[in-house]
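sequence? don't have it. structure:
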């Protein structure tokens, strides 16, 4: 089912995903594909966090969420004026209550967003889609995956996109207080 707020792409359901609640019943969605969506959601942190809470609400336990976003250090992310926030796996794993508990136990100041928002997601897999020139160098054996990982932190336009597979954890691991 294709959901979009614009009728221009002929969606199955025309819906503004920043209007809550969504029309789906609690714990009924088994798979979600967010293809170039998250970077457009929530020009304010409140709206983005509301989106994340609503996503968790409608998903079944162990629901799969596939996220595809532009890499924030890529020109394609930077030049689109409708992109309101960078999305990284590091940012999304802040919604894992297991990760939150690990950070709390080591006195790490990372914000426990999963606990604060009563949601729980695990990151299952992260894959980078390399820009064409870097993919060709990798295929030719001129760079290694380790070289690419290092270059991601120091250069622009190494990765074009990030694919992130997440799983919904229900019941959540921390009981809301």
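That came through fine. This one's a predicted model, so the numbers in the text were calculated from it and none came from an experiment. Numbering: from 1, shown residues only.

Packing partners of the longest strand belonging to the chain?
Of all segments of type strand in the chain, defined using DSSP state E, the longest is strand 59-70. If contacts are counted by 3 or more CB pairs under 8 Å, 6 or more residues apart in numbering; DSSP states H and E, strand 59-70 sits against strand 29-35, helix 75-78, strand 159-168. (Glycine included, C-beta is placed from N, CA and C.)

switch to 7 Å and redo it
With contacts taken as 3 or more CB pairs under 7 Å, 6 or more residues apart in numbering; DSSP states H and E, strand 59-70 sits against strand 29-35, strand 159-168.

now it, how far from the chain's geometric center?
On the basis of CA atoms, centre = their mean, to the nearest Å, strand 59-70 is displaced by 8 Å from the centre of the chain it belongs to.

Any buried residues in it, and which?
When neighbours are counted by 16 or more other CB atoms under 10 Å, the buried residues of strand 59-70 are found to be 59, 63, 64, 65, 67, 68, 69, 70.

cool, and stretch 168-177?
The neighbour-count criterion (16+ other CB under 10 Å) identifies 168, 169, 170, 172, 174 as the buried residues of stretch 168-177.
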